[in-house]
Each structure stands twice: as structure tokens, then as C-alpha cells.
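> Compute the structure for the input listed below.
(chains A, B, C and D, ligands or ions: 4)
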Amino acid sequence: MLRTIRESFLFSLFLKVVIVTWAASTITFIVMHATPGTYADILTSDLSQYGISPERRQEIIAAYGFDRPVWQQYLLYVGNVFRGDLGMSYAQSQPVGQIIAGQIGPTMELAFASIGLALVTAVAVAVVTVRAGWFGQGLTSVLEVVVVSVPSFWLGLVLLTTLSFGLGWFPASGSQGLWSLVLPAATLAIPMAGTFVQILRPELQNEVQAPYFITARARGRRYYSAVLRHALTHAMLPILTLSASYFAFLVSGAVIVENLFGRPGVGRIMLNAVVIKDVPLVSGIVILSAVAFVVINQSVDRLILWIDPRIEKR
Amino acid sequence: QTPVSGGTLTYYQDVEPDNWNLTHVWPTPLLVLGGNVVDRLIHLGDDGEYYPWLASSWEISEDGKLYTFHLRKDVKFHNGEVFDAHAVAANFDMWKADPSTTTLRVAGLEGYEVVDDYTIRLSFTNPSAQAMWVMSVPAFGFLAPDAVKNHASDLSGDPTKMIGTGPFKVTAYTRGQGMTLERNPDYAWAPSTSDYQGPAYLDAVKISFAPDPSVRVGVLTSGQADLIANVPSIFVPQLESAANTAVWEQKSPGLPYHLDLNVQKAPMDDIRVRKALRAALDVPTALQAVYFGKREQAWTSLSPATPLVGAYNETLENSWAYNAEEAAKLLDEAGWSDRDAEGYRVKDGQRLALDWTVRASLVEDQRDTLSEALQSMVRDAGIELRRTPVDSGAYTAQMKDGDYHLTDRSMTTPDVYILRRIYASNMLPTAGVNYSRVGDPAVDAIVDPLVTSRDNALRVANARKAQELDFENVWSIPLYVRVQHFGSNKKVQGLSYDASGWLGSFYTTWLQQ
Amino acid sequence: MSQKKLLLIGGAIWALLLLAALWPQLIAGYDPIQSNPLRALKPLGTEGHWLGTDYLGRDVWSRLVHGARPAMLMGLGATAIALVGGVLLGLIAGLGGKRLDTFLNGAFDVLFAFPDLLLALLMITMLGAGNFNALLAIGISGIPTFARLMRGEIRRIRNSEFVMSSTALGVSRRANILRHILPNALGPVVVLASLFVGRAITYGASLSFLGLGPARPTPEWGLMLADAQLYLSMMPWLAIFPGIAITLSAAASVILARALRRTAE
Amino acid sequence: MNMQTDPDMLASIEGLTISLGQTRLVQNISFTIRRGQCVGLVGESGSGKSLTSRALIGLNEAVLVQSARRFELFGEDRRTAREADWRLLRGTRVGYVLQDALGAFDPLKDVFTEVRETLDAHRQGDRTSRRAMVLDALTKVGFPEPEMRSRQRSWELSGGLRQRALIASAIVAAPDLLIADEPTTALDVNIQARIVQLLAGLKSDGMGLLFVSHDLAVVSSIADYVVVMHEGRVVEQGPTAEVLGDPKDDYTRMLIAAMPARAPRGSRLSSVELPPVSRFVSNRTETSTDVALSARDLGKSYVYPDGSRVRVVSDVSFDLRRGEILGLVGGSGSGKSTVVKICMGLVDPDEGDVALFGQPWTRLPERARTPLRPRIQLISQDPLGAFDPRWTVRRLLHEALEIGAVPLRERDGQAEQLLHSVGLKPELLDRLPRKMSGGQRQRVAIARALATRPDVLVCDEPVSALDVSVQAQILDLLSHIQREIGLSILFISHDLGVVRHLCQRVMVMQKGEIVEQGEVEQVFAQPRHDYTRDLLASIPQMSGARADVA
Ligand SMILES: Nc1ncnc2c1ncn2[C@@H]1O[C@H](COP(=O)(O)OP(=O)(O)OP(=O)(O)O)[C@@H](O)[C@H]1O
Ligand SMILES: Nc1ncnc2c1ncn2[C@@H]1O[C@H](COP(=O)(O)OP(=O)(O)OP(=O)(O)O)[C@@H](O)[C@H]1O
Ligand SMILES: [Mg+2]
Ligand SMILES: [Mg+2]
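Ligands and ions are numbered 1, 2, ... in the order given. From the prediction side, this is the model:
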């Protein structure tokens, strides 16, 4: 019984992965070709500053397969993707899979660390301020709005200037060890936590008025312990969904932080790849992240369902 | 002060190359770091002449297509393999087999012949002054036969597989983060121009990549780095005046930062409009505001730092200046005498609006801030300057189509042939980078020898002439001479630059103990 | 009492922002584009330039005031697109059938994975450069986040007792969605939206390097802030004021969102 | 006697007043509870019983201001007690059964965890001993198959099961004082008797008990001392036998008179003026069928935590005739609410069909059902859960009136009338349901259901939270409407007296099946099925005075 459900979950997951892979590769391919200029165009135009003959130019275009009709390029590409071959990056002349494999570690590290940090901070702040008076809540709300609107380069620089250059507690750059993860993770986590708190607190304030919360306290739970054990579970459901979204954002959207802290990461590679139209690399990243998001979101959906089975009741 | 050996230099560079295969692409930082690891056949001196390096001597055939190099016999790769004609040939073969190579394509190298163990002859498609330059850059560096045979496909992603003959070897590398260079203790084949011979002074160089300028300055001032690349000019005075930091300045040869005016597109086809535009720009004031006086105004289409002695036409200095009345007069003459509600000049109901297309990925050095100053200045003259940054693909396409009034760029190269690339008619943007779209046989006659001739006197004369033509016809408006600022602490000594003005290698660099 | 205070503050901020956006000339004394190197980099408190001047000698206050319109348009416009698109798609996913839900979720995943930068490039190619198209790009890239949050909340609420009970009462599906499900599900989404305003402004500026979004030399908060990055350590006021302006607009949206929520209740 | 040192004195309250702003919701209440003593708190719905009992555990909302001349628990003054001091008492020394049993559980936690919570919060015992204690408490309250079914979450349980679990969670840590706010409203008479017996046992073991209830019969069987409240004041208090046997106060007298079991069938129970029926006349076109609602072979099963599939409703068939009040009684958990939900089209049956006025109903898509919905209305067992938590009473009623096609400008007036007809004041219009008393909520639910002018009314325990006098008023209202305009009512109740008074026919359900149905008098007089006999035997009777009252 249970087995078949699990199997069917995995099976439907597999189907989704296949479809999303196809969609991601196709859309990326179309868009990369719809926007003007190919990698070969850019390369040859750059090389012509050093002088390059028309024959050589043709050679380069052929070397990347741009001399073929677009539909052939497409079929070839999608065919390869489904054979598990993401192709060679134009600019880096390495297998796309290998490039991503080298970057995914630090990216995941940063994504998990910052989301974890944001969740912990947000829960702590929200729980502590559920009961705070207007002043306390006003103060923290102001802080929250400020940290959310502050751009990450600014926040990052402030953290760097004070904690790294000034006090020397943390290294300014690199990705070795936990210590170097603190500042970049904090830079990403602080605004995220601001958003989380703003969502969490009203939800919590709603939940603490529910009869079950009174029962919990009547059983001798401390107020905050009741908040943590009961109200929080309810209030966390939207946060779980949201953190899955943020995870998606962090995979390719952490460029600024990666640049600021000199960290390797998918975001940086993706940015460069888009700018120079490195189609295989862009598609590769898009495909892999789409697949990752399918898995993550499905898992979060499952988790939420496990927490609250009423969602699929009927 | 006499240099001393020892110590590890911590260096923060701004950009990390995507691809470490030196023969694949030609981004500058790659050339720079690769220069520590591989040596070349010949060395381009500061005077624009070529000197022996791994080749102790060479001959060039009459038609300029055949080069015969006699190699040094005492050179060894980092892994102990011998450097000889066969090793060179193995590298050529690797390049030939590699579809991504650009070295061969740029060089126009057609074939080679191993004459004997230490003699190799190269044949080129066309005679070209540029061939010598290509052979002097790290992209034309040689790797050990073992690396060529077993690691050709790893070179792009893993520079530790780059086993050359240079003063340093790469011992560690983490993508996106940094690499470590260690001294090659056996090094004894520095170019003949070098005052110093023998292994490098530094034990090791630890290189980190930090794209953000504020961070680089921060790590330097907080003592986490010895040397940093690319200091924004706003920080220069601060680092210069601080007790424990210093700034190293190096002007770049080649094309200074300038605006290319598209002479084929109305109204830029009217020389009066182009002249008016130049007269409307108060370049010194703009430079002062944006760069705090840390940029020297450029006067011609060639940088004064270009090695070929005499090629820079210094007579053009101060030949033009900001002159609002003249600009107004010229525009009135050209028929742009009416003004619209916003104060811009109009003719036949058309506003005098110029489209400035910018290649987004090449914007550096606060040029977007500078552009705002320029926009404000020409607005005073009644010209609207509409600056649009676009991505590289769109830029290439737009340049091809000629759909722009002006664009901007600088180009770092150690020779004057670059002037041919920007003026020759066969270099129109369909195939080249003649962005001002000058297509004139008379001009071709002047700029062609810059590449084809090996007579330096002729090349100097024609280069000067080309700059003059540029000035007279206002094909471009020079803005400033590109410079690089390095920041270091006071311990760092002996930075040396190559002919392109890049930090050539750390060979002569040493640390005060 | 405190509620009133909050509304008062919010109202004041909105009034100021609207004034700046609609009639900037009224409160800004200088031309925001005209550079004047002679008065460059005047510090805070200089006579006539109380907020100082920037590196090109432009009055920071005037630039801030003139920057309100494009910045607010960007912030509110992008947020509106993300919010409306996200809420609609989230509703469809949360209330439609299982297949529709699966399909939309897949689409969100692809859209998530699709680089914003590429989306921006696509916008330029299809629609050309310009402020509105940037707003569109940013709005669209925000849709999946909103949609998924919305969907989650809808799913949480659609089966609750009280929704069943109003179904039993005879409330039509549409009215049930509009009156009961949406208002109860909207809370987190509205918060996200109000916080998105500030993000959209800074993010919009980051696209300007591609010619999307605000064009130089137009004064715009995001651009001003981005430009000030280099000067942060030496001339912090160049960064602080646009930062404050963005934060204020975000705060104003948060307050508005709260007020809306309260009145909805 | 020195109260401070009396070890038997559990609670001693003097002059307790609870106010919200200017209004005093509870005024000047005094009573004491000793070891082994049960104080019964009875009175009008909304008179402040719940507020008083919540005050004893320190859990009234902060906006409600509390004051008292004396407020002692276990000999200690609690007037200025801090949260931390209160916490130490809660659960272990003072147990509390919340009135709203249906919402009292965290829907995301299983019942086992919830019951164990008191032990967890006070770190009592280890894992295994806690488990044993929880199972023991569940067994004591008659929770079936505690080991397996406590793994269900509260919303998978019937009302009565939840209430039993709630009582279990209050006594699991063996408190010295138990405050039970309407603890038996959702229980059938068998279970109720069992619970009363259990509480009586605990009481004789020395536990003190504050027993809030509107069921005078139950109160009389367990309380030693009775406090009668009306409009926030105590109108009468004293030993049970005295107060209930020989009431002095008019209100108390009225209460006792209003007990339906004492009145002849069909007679008026209350003296409140009945509203004109025109308000409730359905304006829908006549249908010719005689049967309003007909259920055929309904079946429904659920999967339990152990993976077994259990039929909670099987082969249920019945006809609700036009203008008839059909009672449905049966053990707690026998599937009554499930039948109701199926009839309302809120739960799809696994088998069988329901027809509404001879037309198909169950298998219709919701879209097609919606236009018919106003004709059939539900008063659900859990009124609080049935209201949108953000909506005031006014909006709730307006919405229902809108569905009843009442034009906008008339809605306010009609809403007031509706409230009036269920005995509520118009002030409540702007209240959130959460901030009302249990009985007030239930009456709002009734008002809401009547607002659409239904032809069929399905009532799932509609009067469980009402004191007898208000209950009388509601019952009068329902039978009045039924008689005058022919409303058909499916009426579920545990109170057999109410059923007997109100209904024409009755069905008895046991374990998902209807075991007996027939005319009320006949079933009550000559029950054929053993289970029915069992039920009838357990009806609590008003007993006389008790001897052991202090
Ligand atoms: N949170 C609150 N805010 C405002 N008024 C309240 C609140 N809680 C209760 N009340 C009001 O206080 C009065 C007493 O309420 P309480 O719940 O004590 O009544 P009760 O005697 O328990 O009635 P019932 O038998 O219906 O449960 C009611 O009129 C009720 O409307
Ligand atoms: N969603 C569900 N999942 C699992 N079991 C359920 C669910 N809903 C109801 N049940 C079970 O079905 C049985 C019948 O429940 P129902 O609510 O119909 O009883 P009831 O007759 O109304 O009882 P009560 O008088 O206590 O309210 C109970 O044992 C209950 O636990
Ligand atoms: Mg009550
Ligand atoms: Mg029930």
C-alpha cells in the first residue's frame, strides 16, 4: 500500500522531471536564438580587433555548428540532453555538466546556509515579538522594512567593512570552511529574514487567538513554548513555500554576493554565460535548476501535506 | 635597495578567466597570469622591438612568410621534460586539432617544419607585422609534451595542468576563488632584456579573485592582501597618502578611451556636426570630476604609451578644446539653428539627437558616470545624447547594421596596426571593428602598411598621418588614456609590466623583509 | 491610537512621495541632470545643497525628488504585475484541477530556473529598451514566487471548515473565493508584495546596465544607489539618501498593505 | 476559620468582577471550592460562566480586566500572580476543559500528543510512563481503541470523541482542581453518564471540581453546591438540593421550568414572544414531492491510522418528509455528523445517494448544487469553525441574507430581527465570533441558517451549548416555524428529552447503521432495539437534594 504510493510519487516526479527538462531546454534554446547575436558573432567580432581572415571566421562559425539550420541545431541539442549530454560550453570549452558540478557545491552551501540562517532568525524575532507592544513591533517592523529594502551589495559591504576589514573576525573572500560562509550567508539571510518575519508575525498573532492555543496554555505550556510548538507550525506553512522559492532564487540570483565575497557559484557563471551567449552552459544551468526546483518544490509540497493532511482532504 | 628572495605575495585580482586554455580566448587577465607559467619564443621590449627568449635567434624570409627559429638548448619544462623543436611542434599539433583555438586563427599560422631538434620553421599565410606580436604573447606559450598528450582537454578548467617553462608553476587552483603559483627553482632563461637572471624572487604568489573594487581596497588596507589590481581612481589618493600603501600606475598602449563617430549616418555624416560635438565637450572638466585628475586627457586616436617610438603624434596635443561658441556656430551653419521646447536643436522638425550604443559588458572604469557628464555638456549645446547599453550579442548585431551614431571603446595593444583595424575599408563592422565606418581607399593606402610593412620608419610616419586624419575628419573623439592602478603595501617592490602595460609576470617582484 | 499614528505616518510618506512624483519642480530647486563640476561633491549641509551634491555637482535633493517618479513607477508597477499575475496564477493552481496545478507548477519551476537576465534580454529584443519593459521583466520574474505562495495559502484554506460551511450556505464558488478564500489567503502575499517594492527598485537599476530600466542620466533612486556603491566609504551620503528614499517607499507600501488588511477585516 | 491555612480549600473567590472597558461582563461573584467538592455553575448563555471559569486558570484575554476582593487558589493570593506562577498550576494542579471542544485541539497534532502535552510541559515522568498515563486517561474517559485512534488528529474525530479526549487531557496529570466548562455537550447519554461517574470518582478521591453546565440534570447529579448566574451576576447560590429543589429566584425557577422533559410534547417551553413567521417563509416555487430529503443506502468509510478501512456509515436510508422534524440520535461517533455532511453534499458518500425534493443531489457537480443550496441549510456541530474568523456577525448574517435574496437595504434590519428571534442583542452584530460565548455563537449559527429561508434545515446538535431557557426559546422557534410554514428539519441531538419534545419521528443510529426508526412516542415508549433501550435508561434525571453538602 504505502509502497505503491511512494512508487507512484517517484514515478510522477520522474515524469515531471522529463517534461520540465524538455520545456526548460526548449525555451532557453528559443530565447537564446531569438535574441540577437550568437557566440560566434561575438567571438569573431572580438577577434577581428586582432585581425582575422574571412575563412577563419567561417571556420569558427562552423566549429560551433552555427552554420546549420536552427531546427537541426535544436534537435541535436535536445537529443543530446535526453541522452544525458549537456554539451560543451562554448566559452569555457569544458563539458557543461563538469562545470556545473564544480560550482554547485558552494552554491548549495550558500543557499542552505542563508535560508537556514534566515529561518532561525526570523522565527526567533517573530516569536519574541508576537506579544511585544506597539513600540517593540514598530521598531522591529522598521528594521525589517529597512533590511528588506537595503540592496545586498550595500549590506554586504557594511558587513565586510565592519566585521572583516575592521574587526578582522571573518575572511573577506573565499569559500573555505564555515567561517568564510558566515558573511555571505548573513548578507543574503538578513533581508530574507525580514520578509519572513513580516509574514510570520501576523500569522502567529492570528494563531495565538485560536482555542487550541488556549488549551495548550491551560495544560501548562509556557506562552513561548506554546507559540513554538503549536502556533508556529501553522504559521510556518507559507514560510516553507516561500523558502523553496527563495532557494530557487539563490541558485542563480546570488551573483552580487558571490562577486562581493569572491565565492565560486552558479550565479556568476550563469551571468557570464548569458552575456556572451554561451547557449549550452545557460541551458545546462536552466535545465538542472528547473529539475532541482521540481524536486524541491514537490518535496516541500509533500512536507506541507504531511504537516497538514487536510490540504488534500476530500 | 637590492632585491631579496623569499616570501609569499598575496594578490587580489578582479576578474577570473572563464577558460584557462591560453590558446582559446584572449581576455587580458588570462594573458597576465599565464605569462608567469609559459615562456614564448620572442620577447617584445618596451621599445617595441623583439628580443630573443626561448628562441636565441631567428631569420625571416624575404616575402615575410617564413620564420626560422633557433631554440635555446638549456630549457626544461616544470616536469623536467626538455624544451625543443619537437615540443613546440606538439603544441602546434594540439592547437590545430582543437576547434576552439584562436591563437592559430589570429596568427594566420599555416604550417611548421621541424628543421632539427632545436630549429623550427613556421609558415604564415600573409606577411604580417602582427605575427611577431602574436608570437610574443602568452597565448603562444608552450606546454610540456606530457601535458599536451594527456591533458589537452583539461587545460580549460584546470590551470594546474598548464605545465610550462615559466618562472612560476601553478600548484593549486579553486575555481571562483583563487590559485597558487610557486617558484620554478630551475628557471634560468629569462629574456635577454631582463637585468636579472635566475629563479624568481618570490617563493609563491597566492592569487584571489575579488570582482568588487571596494572589497579589494578593503583587503589591502586591512592587511589581508599585499597587492590588488584595478584600483578605482576615487581610492587612489587615499592609498597614495596612507602610510603603508602605495599605488602603481601604468598607462595602456593602443587605443585610448574614445568615442567612435559613425560618419555614414546622418547627421553625423556632416563634419560640422562632428566638430561641434567635439567642441561641445569639456573633457578636462569631466575627467577631473569623475576621476579626480587621475586620468590624462587623450589627444589623438593612439595612446602615448604605445611602444613604437615616435608613432604617437604629439603635435596634436592641445589642438582642440572646449569651445561653446564654436560649437554653436558650427551647428547653426549646419542648419541646426532652431530649438525645441526642451532646448534641443532642431532641423526640419527633427531634433538633434544622437544614439550612443554601448557594449554593456565592457563598461568599466566608471565610464557610465563619465557619460553622464558628457551628456550634460552636450545638452548645453543643444544636442541630445541618448546612451543605450546593450548586451554583446545585440551590440555586434547593431554594429553590423550601422544603426548608431556613436559608440565608445578603448583597446590595449602594443602596436600601431590597431589603427588599420579601425580605419581600413575592409574592416567595416560587417567583418571588423571600423566603427566610425571610414571607407576610403586613400585612407587604406595609409593604414595598410601599418600591418603589412616591416619598415618601422614607414609605419611611424603613417601612424602619425592616420592620427592627423582622424583629428581633421573627427572620426573619433579621444577622451582619456587608459591607465591601470595597482595598489600595494609598501613591502611590494619590482612590479614589471609587459609591452601591453599589463602586469607581465611576477618574475622580478620581491617583498621587503 | 497607535493605529492612527501609523496611518498618519504612512499618509505623510505617501503625500511626500506623490508630491515628488507628480510635481517635482515644486520641491526641487535644481535641474537634476545639469552637471556643474564647480560645485561637485559638496558635503552634507552645504548652503543651498542641504543633502550635498554628487561627483558631477548635481544637487542630491533635487535628484532624489526627480527620481521619485521613475522609481515609484518601477517599484509599484513591477510589484503590481508580480502581484496580479501571481495571485491569478496561484488561484488557478490552487483551485483548479490537479492537472492544471501540476502544469502550472512545472511552468513556475521553469520560470524560476530561467535567468532573470535572459528574461530581460528577451524583453529588450521583443519590446525594446525602456522603463516599462524593465518593469515588465521584473514583474514577470516575480510572478512564480507570488504564485506559489498564493497557491500554498489557497490550498491551506480551501478545505477549511468555514469555507465548507459557506459552500453549504449556498455561497457561489466565485463569491466564496473572493470573500473567504482570497482574503484569508492574501495576508502573506500582500506582505511579500509590499516588500517587493523596494527590491524592484534596486533590481530595476541593476538592469540598466543592459539598457533596460532607467536610462542615464535620468535621476532614479536605484541608479543613484548603484552608482554610489563606489563612493560608499568616502561619500556615504550619496548612497544613504537614495537608500532612505527606497526604504521609505517600501515602508509606505508596508503601511498601506497593513491598512488595507485591517480594513479588509 | 482561617482560609489561608485551610489545606482543603482549593479556590476561594470573593467579589470577582471582569470587565471589558466600561461593561462589566461578570460582576461580584463569590464562591469557594474545597477538596472533594463540586461546584456547579449554571445560568444563562452569555452570563459569564466561561469567563469566570477561565479566570480560575488565569487565561482570560488581557483586554478583559479582572478584579476581586479575594482570589485565592490553594491558599495563595493570585490577584497579582505572574504568568510564570500561573503556568506552574496549569495542567498539574488545575485542569481545564475548554468549552469549545471541537476547536480545542491543534489540528496539526495528533490527539495522543495533545493529551500528553500536560505531562510534556511539566516534564512529568519519562517516555514510557507518559505513554501509559495518556492511554490510561483515554481509557478512563471511554475513548475507544486509545492506542490506535489517538494517532488520529482531532478533525478526524467525531465531536464526542474530541470532547472525551479533551477531558482526558485535563485529568491526565491528576490535578487537584478541575474546571470543566460544558464538558458533556457532545456526548451521548451513555458516555455522559460514564464521564459523570468518572468525575464523581475523582471527586471522592479528593479532587475539587468546578462544573459548568446548562444541563441541570447532570449538574444535580454531581454538584454539591450550585451557583446560578444571570447577566453577569449570581442570582442564587447554595447547596444543590436547595437551589434546584426549592428555587428562590425567578430566573432559577424559569430555568427549571424550561426543561423540555418536563413539558408536554409540542407545548411552548418559553414565554418569549415568537417572531412572525412571514420572515421565514421560503419564497421558492413549490415542488410536488412529499419527501424533502431522501437518503438511500448511504455508505462511507475512512482509513484509520493502523491502515484499516472502517465503515463509519453503512446502509443508511431514510426519508425526511415535508414539514416534519425527524430526530437522529445515537452514540457519540456513530456517524451522525457524517450522515449530515453527506446530506449537505459536503462529503461524497462511497455508496448511495441523497435526493433533495426528488431531484438528484449528491452526485451533482458543485456548480449545479449551489443554486439549490439556499433551500437546505446546516447548523453545524462546530459553529466556531463554521465562521470565517475575520468576519463579524453582521457580515456573516448579511451574506446569508444575500443568499436568501434579501435586498441590501433591508439586510441590517433583518439581521437584527434574526438575532432577536434567537434571543441575541443587536450589539453582537459587530462582534467577531471568537469573542462571543459558546451559546451566542451557536445561536448566530442558527440565525444564519434561517436567514436564507430554507425549506430543509439540518441541525447537528443545534442547542448543545444553550442553557435550558434559551434552548426552550430556540426549540419553540423551530417548532413554530415548522408548524406554520412546513419547514422540514433533520434534528440531531444527544438530549433525548429535546428530541422527544420536538420531533415527530426519530431514528437511532449505532455504529454507522440505523438500528431503529419510528414515531417518537412509540420509540421512546416501546424501544425495540437493545441499544435504544440502553440509551433511554441512561437519561439523567433531576435528582433531589443531596445529603453530603457542606
Ligand atoms: N473576548 C471577549 N470580548 C468581548 N466580550 C466577550 C469576550 N468573551 C466573552 N464575552 C462576552 O462576555 C459575556 C460572557 O461570556 P461567557 O463566555 O462567559 O458566557 P457563558 O456564560 O459561558 O455563556 P455560554 O453558556 O453561552 O457559553 C458574553 O456576553 C460574551 O459575549
Ligand atoms: N475525516 C475523517 N477521517 C477519519 N475518520 C473520521 C473522519 N471523519 C469522521 N471520522 C470518524 O467517523 C466516525 C463517525 O464520526 P461522526 O462525526 O459522524 O460521529 P457523530 O455520530 O457525529 O458523533 P458525535 O455525536 O460524537 O459528534 C467517528 O469515529 C470519527 O472518528
Ligand atoms: Mg461558556
Ligand atoms: Mg457529530
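
> Chain neighbours aside, what residue packs nearest to residue 298?
Assuming you mean chain A. A:L13 (5.7 Å; CB to CB, 6 or more residues apart in numbering or on different chains). The C-beta positions use only the backbone N, C-alpha and C, and glycine is treated the same way.

> Not quite, go with chain D.
With CB to CB, 6+ apart, the residue lying closest to D:L298 is D:G352, at 3.8 Å.

> With C:M164 instead?
Using CB to CB, 6+ apart, the nearest residue to C:M164 is D:L346, at 5.3 Å.

> Just give me the neighbour total for the nearest residue to B:Q513 once chain neighbours are set aside.
Distances taken as CB to CB, 6+ apart put B:V4 closest to B:Q513, at 5.8 Å, once the chain neighbours are dropped. The local packing of B:V4 (other CB atoms under 10 Å in any protein chain shown) involves 12 other residues.

> so how far is chain C from B:V4?
34 Å (CB to the nearest CB, to the nearest Å).

> In a helix, that residue, correct?
No. Judged by DSSP: H, G, I helix; E, B strand; the rest coil, B:V4 forms no part of a helix; its state is coil.

> For it, list the residues it contacts.
Shown in contact with B:V4 (CB atoms under 8 Å, 6 or more residues apart in numbering or on different chains): B:Y201, B:W510, B:L511, B:Q512, B:Q513.

> residue in chain A nearest to ligand 1?
A:Q209 (9.3 Å; CB to the nearest ligand atom).

> do the same with the stretch 51-200 of chain D
D:L51 (3.6 Å).

> Quick check: that residue touching D:L25?
Yes. Using CB atoms under 8 Å, D:L51 is in contact with D:L25, at 5.7 Å.

> Touching both of the two, which residues are there?
Residues touching both D:L51 and D:L25 (CB under 8 Å, 6+ apart) are D:I18, D:L64.

> Would you mind measuring from the residue in the stretch 1-150 of chain C positioned nearest to ligand 4 to A:N206?
Nearest to ligand 4 in the stretch 1-150 of chain C, going by CB to the ion, is C:L95, at a distance of 28.3 Å. Distance check for C:L95 against A:N206: by CB to CB, to the nearest Å, it reads 22 Å.

> Which helix or which strand is home to D:I481?
Taking DSSP states H and E as the criterion, the element that holds D:I481 is helix D:468-485.

> pLDDT (mean, whole number) over that helix?
Mean pLDDT, computed over helix D:468-485, is 85.

> counting contacts, what elements does that helix pack onto?
Here helix D:468-485 touches helix D:250-257, strand D:325-330, helix D:438-451, strand D:488-492, helix D:496-502, going by 3 or more CB pairs under 8 Å, 6 or more residues apart in numbering or on different chains; DSSP states H and E.

> Any buried residues in it, and which?
D:468-482, D:485 (16 or more other CB atoms under 10 Å in any protein chain shown).

> same check, this time on stretch B:411-419
Buried residues in stretch B:411-419 (16+ other CB under 10 Å): B:M411, B:T412, B:T413, B:P414, B:D415, B:V416, B:Y417, B:I418, B:L419.

> And stretch A:283-300, by the same measure?
Quick answer for stretch A:283-300 (16+ other CB under 10 Å): A:283-294, A:296-298, A:300.

> ok, now stretch D:147-166?
D:149-166.

> So which of those reach chain A?
D:R153, D:W155, D:L166 (CB under 8 Å from any CB of the partner chain).

> can you redo those residues as a markdown table with distance to D:S314, pLDDT and secondary structure?
Shown next, in a markdown table, are those (distance: CB to CB, whole Å; pLDDT from 0 to 100; DSSP: H, G, I helix; E, B strand; the rest coil):
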| residue | distance to D:S314 | pLDDT | secondary structure |
| --- | --- | --- | --- |
| D:R153 | 24 | 91 | strand |
| D:W155 | 22 | 89 | helix |
| D:L166 | 28 | 92 | helix |
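
> wait, does the lengthiest helix in chain B contact chain A?
For chain B, the helix with the greatest residue count under DSSP state H is helix B:456-473. No. Using CB under 8 Å from any CB, helix B:456-473 never reaches chain A; the gap is at least 15.1 Å.

> tell me what that helix is packed against?
Using 3+ CB pairs under 8 Å, 6+ apart: helix B:456-473 touches helix B:418-423, helix B:441-452.

> got the contact list for stretch B:494-501?
B:3, B:28, B:31, B:35, B:44-46, B:48, B:136, B:201, B:227, B:248, B:250-254, B:305, B:307, B:412-414, B:484, B:486, B:488, B:503-505, B:507-510.

> er, stretch B:260-271 I mean
B:273-274, B:277, B:334, B:336, B:347, B:352, B:354, B:402-409, B:422, B:435-439, B:473-477.

> Keep only those of the residues you listed that are in strands.
B:K347, B:L354, B:L406, B:T407, B:D408, B:R409, B:S476, B:I477 (DSSP state E).

> got a list of what D:P433 touches?
D:P383, D:L384, D:F387, D:P389, D:W391, D:V393, D:L396, D:R441, D:V444.

> and it, how far is that from chain A?
11 Å.

> Next up, phi/psi of residue 188, please.
All of this refers to chain A. phi -80, psi -30 (degrees, to the nearest 10).

> could you do chain C instead?
phi -60, psi -30.

> Would you tell me which helix is longest in chain C?
helix C:60-95.

> Mind checking the pLDDT average for the helix or strand that comes right after that helix?
Per DSSP H and E, helix C:60-95 leads on to helix C:98-113 as the next helix or strand towards the C-terminus. Here helix C:98-113 scores 87 as its mean pLDDT.

> ok now do residue 92, which residues does it touch?
In the absence of a named chain, this looks at chain A. A:Q92 sits in contact with A:I99, A:D278, A:L281, B:D18, B:N19, B:S156, B:G157, where contact means CB under 8 Å, 6+ apart.

> Oops, wrong one, chain D.
Per CB under 8 Å, 6+ apart, neighbours of D:T92: A:G220, D:T118, D:H122, D:Q124, D:A173, D:P175.

> Under a three-state scheme, what state does it occupy?
D:T92 - assigned by three-state DSSP - is coil.

> how far away is it from D:V134?
On the measure of CB to CB, D:T92 and D:V134 end up 15 Å apart.

> Neighbour-wise, give me the winner out of the contacts of A:Q92.
A:L281 leads the contacts of A:Q92 on contacts (other CB under 10 Å) with 28 neighbours.

> Report pLDDT for that one.
91.

> low pLDDT regions in the chain?
By default, I'm working from chain A. Within chain A, the stretches with pLDDT under 70 are A:1-7, A:133-137, A:174-176, A:313-314.

> ah, no, chain C please
C:1-3, C:264-265.

> residue boundaries of the strands in it?
Going by DSSP E, chain C shows no strands.

> The stretch 301-450 of chain D too?
Per DSSP state E, counting those that start in this stretch, the stretch 301-450 of chain D carries strands over the ranges D:309-321, D:325-330, D:351-356, D:359-360, D:376-379.

> What parts of the stretch 401-550 of chain D come near chain A?
D:R434.

> Pick out the residue of the stretch 401-550 of chain D closest to ligand 4.
Closest point on the stretch 401-550 of chain D to ligand 4, by CB to the ion, is D:D460, at 5.9 Å.

> just the stretch 51-200 of chain C next, same as before
For the stretch 51-200 of chain C, CB to the ion, closest residue to ligand 4: C:E161, 13.1 Å.

> again, but for the stretch 351-500 of chain D
D:Q381 (4.7 Å).

> What residues sit buried inside stretch D:188-207?
D:188-196, D:198-199, D:202-203, D:207.

> Could I get the contacting residues of the residue of the stretch 1-150 of chain C closest to ligand 4?
Contacts of C:L95 (CB under 8 Å, 6+ apart): C:I154, C:R158, C:I177, C:I181.

> Adding neighbour count and distance to chain A, write the residues you listed out as TSV.
Below are the contacts of C:L95 laid out as TSV (neighbours: other CB atoms under 10 Å in any protein chain shown; distance: CB to the nearest CB, whole Å):
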residue	neighbour count	distance to chain A
C:I154	24	10
C:R158	21	8
C:I177	19	16
C:I181	24	13
